[in-house]
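1. can you look at this prediction? I've put the sequence above it.
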Amino acid sequence: MSKIVTLGEIMLRLSTENNNRFIQSNTFRADYGGGEANVAVSLANFGIESEYVTKLPNNPLSDSIFRYLKANGVETKNIVLGGERLGTYYLEVGTSVRASSVIYDRKYSSFSTLNYNELQIESILKDCKILHLSGITPALSENCKELTIKIMEKAKEMGVLISFDFNYRGKLWTLDEASPVLTSYLPYIDICFAGILDAKNIMKLGDHSDLNEYYKEITKKYPNIKYLLSTKRETHSVNENSLTGFIFKEGELIASPRYTFQIVDRVGGGDAFAAGALFGIYNNHSPKDIVDFATAASVYKHTVRGDANLVSKDEIYNIINNGISTVSR
């Protein structure tokens, strides 16, 4: 059975409780999360063989991360141990008109020191159908920039599909720093998660009126990209959003239904969308089925506290088939 491999940094997330501000907080809720780890957990819960690759310090916090990943069915055999510290981020949970905010404490983390030659890359990519990466990794260090391009080159050599989520983070690097790095990866990518802002600000494409025109230009310039995906979020308040998903395949832009929902935890919603899309692509579903499943998965994640989408595929199909209901009987 072929697998999906994700590679990136997992962090300790410390969140304020009861919508408190940082300045009010004496206690924090602890979770583990990171874009690529969240995708791996979602895929495993959907029944896909998934493997997560990262680098962790050799300490009890990492033991807890191994337990968390294994409990969710994620393969961890190629995780590297070494370095000094686990990356951390602090989340001030917003409410009403006050947005959530994040403070990163991840400089010099173990993952940021990961070198390509520390990985058993042939073993990692053997029997791998899709490799999922994101634009967060190259933002972390020069090591990580080099690691990203080298693993892409090896994946192409071995016939592995490459999935890439642009995931630009302004707190990690500037647009001027990110643009040349991220655009250099585009010739390798088969499945691309990128929206209008990525096309305008990172790819530096022309000023188009809509997403369809941007996607047409991207695929004309990079015909290797087989799927382009993104979401449109409408923010009614911190606690209520609407979401629509989009997929562009073979010149056609297809939209999902629009969902409006209350939010328990917004973090990881994009990762849930990516995992849902990869589930559909892995199973050779139609573009419409792919984007419908991905969007419903993202919507569901907003109801789950923590970074990862702890949900089965049957629960996602229930949303698709029956809509958002109040009670499951």
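-> Cool, got the structure.
2. which pLDDT does the model give Ser96?
-> In the predicted model, Ser96 carries a pLDDT score of 82.
3. next, count neighbours for it.
-> Number of residues near Ser96 (other CB atoms under 10 Å) recorded here: 10. Heads up, the C-betas are built off the backbone N, CA and C, glycines and all.
4. wait, it touches His236, no?
-> No - Ser96 is beyond contact range of His236, at 10.9 Å (criterion: CB atoms under 8 Å).
5. buried set for the helix or strand where Ala178 lies?
-> In this assignment (DSSP states H and E), Ala178 forms part of helix 175-185. Neighbour counts over helix 175-185 (16 or more other CB atoms under 10 Å) mark 178-179, 181-182, 185 as buried.
6. what pairs with the helix or strand that it is followed by, parallel or antiparallel?
-> Next helix or strand after helix 175-185 toward the C-terminus (DSSP H and E): strand 191-193. The strands beside strand 191-193 in its sheet (DSSP bridges) come out as strand 161-165 (parallel), strand 227-237 (parallel).
7. over the longest one, what's the mean pLDDT, rounded is fine.
-> Taken as a whole, strand 227-237 has an average pLDDT of 96.
8. mind listing what the spatially most central residue of the chain touches?
-> Nearest to the geometric centre of the chain sits Asp271, at 3.3 Å (CA atoms, centre = their mean). Counting by CB atoms under 8 Å, 6 or more residues apart in numbering, Asp271 touches 35-36, 38-39, 42, 165, 301, 307-309.
9. for the chain, which segments are assigned as helices?
-> Along the chain, counting by DSSP state H, helices occupy 35-45, 60-71, 121-125, 142-157, 175-185, 196-197, 211-221, 269-282, 287-301, 313-322.
10. mean pLDDT added to these, as CSV?
-> Output for these, formatted as CSV (pLDDT from 0 to 100):
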stretch, mean pLDDT
helix 35-45, 98
helix 60-71, 97
helix 121-125, 95
helix 142-157, 97
helix 175-185, 97
helix 196-197, 94
helix 211-221, 96
helix 269-282, 98
helix 287-301, 98
helix 313-322, 95
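11. which of the ones you listed sits closest to Leu12?
-> Checking the helices of the chain against Leu12 by CB to CB gives helix 60-71 as the closest, at 6.7 Å.
12. please state the offset of the closest one from the chain centre?
-> 20 Å (CA atoms, centre = their mean, to the nearest Å).
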